[in-house]
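Asks: Fold the following for me, if possible:
(one chain, ligands or ions: 2)
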Amino acid sequence: MPKESLNSAEVRDMMLAVADKIIEAEPILSEADRQLGDGDHGIGMERGMNAVKEKLTSEEPDDIGKVFMNTGMAMMSSMGGASGAIFGTVFRAGGKAIKGCEAFTAAEAATFFQAACEGVKERGGAKPGDKTMVDSLQPAAEKAAEVTDQPLPAAMAAIADAAEAGKEASKDMIATMGRAKTLGEKSVGKADAGACSVAIIVATMRDFVA
Ligand code: ADP
Ligand code: MG
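Replies: Ligands and ions are numbered 1, 2, ... in the order given. Model prediction:
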């Protein structure tokens, strides 16, 4: 059954599904980072998502914003490094913006992705086009703002398409941030590892509500 709206327990179950998908994708994410960085992105995300599973199953969710915030906090405290702060911020800033909300619909999704994207840009200083996860997150946030009047499954499908297209577009970009920066033009042709993670996260959210 398509879900028009998620309560806090369903948001928790969606995030547990996201965690499993990211853990399953560890080899793909590590390989993407091996092409452009130091090859540890999948391992870091796996560690973060194992901490997320532990955190989310240890307490009863009563607020959808808090489920996302707990997700972000678990990632930040377990992953360390640049990507712990960056991916932790996605969920912490996104969750904070919908704290106290009782239902996750297309409107909350738009608020979540907008705040997540602004939070990441503020925290890490990346702009669109720098070949980072922002290149998947920002198109997702922009699309989310356009589909707030749609049922959640349709909205999440559009948002996931935008995240995937953004990840694909990152292939053509020259890295100007992080470890890939030293590769310069040699970074062209490969997708950014963090953008791959964003695309998987959003696709799993889409599949959960479909
Ligand atoms: P590290 O770079 O410490 O090895 P990871 O390999 O886990 O960390 O993550 C790398 C990913 O993090 C990159 O592919 C990129 O998407 C993202 N990233 C790195 N720095 C930034 C930043 N300043 N802003 C946004 N995303 C970033
Ligand atoms: Mg790395």
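Asks: Surely Lys181 touches Met173?
Replies: No. Look at Lys181 against Met173 with Cβ atoms under 8 Å: they stay out of range, at 11.7 Å. Placement of C-beta: from N, CA and C, glycine included.
Asks: who's more crowded, these two?
Replies: Taking neighbours as other Cβ atoms under 10 Å, Lys181 and Met173 compare with Met173 leading, 20 against 15.
Asks: Let me know the helix or strand that the closest residue to ligand 1 within the chain is in.
Replies: Nearest residue of the chain to ligand 1, counting by Cβ to the nearest ligand atom: Gly194, 2.0 Å away. Using DSSP states H and E, Gly194 falls within helix 193-209.
Asks: what helices or strands is that helix leaning on?
Replies: Identification of packing neighbours for helix 193-209 by 3 or more Cβ pairs under 8 Å, 6 or more residues apart in numbering; DSSP states H and E yields helix 8-24, helix 26-36, helix 41-57, helix 81-97, helix 134-146, helix 152-170.
Asks: isn't the residue of the chain closest to ligand 1 right up against Ser83?
Replies: Yes. Using Cβ under 8 Å, Gly194 is in contact with Ser83, at 6.5 Å.
Asks: what residues do these two have in common as contacts?
Replies: His41 (Cβ atoms under 8 Å, 6 or more residues apart in numbering).
Asks: Which one's more surrounded, these two?
Replies: Gly194 (34 against 24).
Asks: Skipping adjacent residues, who's closest to the more buried one in space?
Replies: In this structure, Gly194 finds its nearest non-sequential neighbour in Met133, 3.2 Å apart by Cβ to Cβ, 6 or more residues apart in numbering.
Asks: Let me see the contact set for that neighbour.
Replies: 86-87, 120, 126, 192, 194-195, 197-198.
Asks: returning to what we had before: in CSV, list the helices and strands packed on helix 193-209 along with distance to Asp63 and mean pLDDT.
Replies: CSV is the format used below for the helices and strands packed on helix 193-209 (distance: least, Cβ to Cβ, whole Å; pLDDT from 0 to 100):
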stretch, distance to Asp63, mean pLDDT
helix 8-24, 6, 98
helix 26-36, 30, 96
helix 41-57, 13, 97
helix 81-97, 9, 95
helix 134-146, 20, 98
helix 152-170, 18, 98
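Asks: that older thread, rounded mean pLDDT for the helix holding Gly194, please.
Replies: Per-residue pLDDT over helix 193-209 has a mean of 98.
Asks: Tell me the buried residues in it?
Replies: 193-209 (16 or more other Cβ atoms under 10 Å).
Asks: Over to stretch 40-57?
Replies: For stretch 40-57, by 16+ other Cβ under 10 Å, it's 40-42, 44-49, 51-53, 55-56.
Asks: re the thing from before, among the helices and strands packed on helix 193-209, show me which one is buried the most.
Replies: Scoring the helices and strands packed on helix 193-209 by mean neighbour count under mean count of other Cβ atoms under 10 Å gives helix 134-146 as the most buried, with a mean of 24.
Asks: hmm, that helix touching ligand 1?
Replies: Yes. Using Cβ under 6 Å from any ligand atom, we find that helix 134-146 touches ligand 1 at Val134.
Asks: Show me what that helix is packed against.
Replies: Secondary-structure packing of helix 134-146 (3+ Cβ pairs under 8 Å, 6+ apart): helix 106-124, helix 152-170, helix 193-209.
Asks: Perfect, that will be all.
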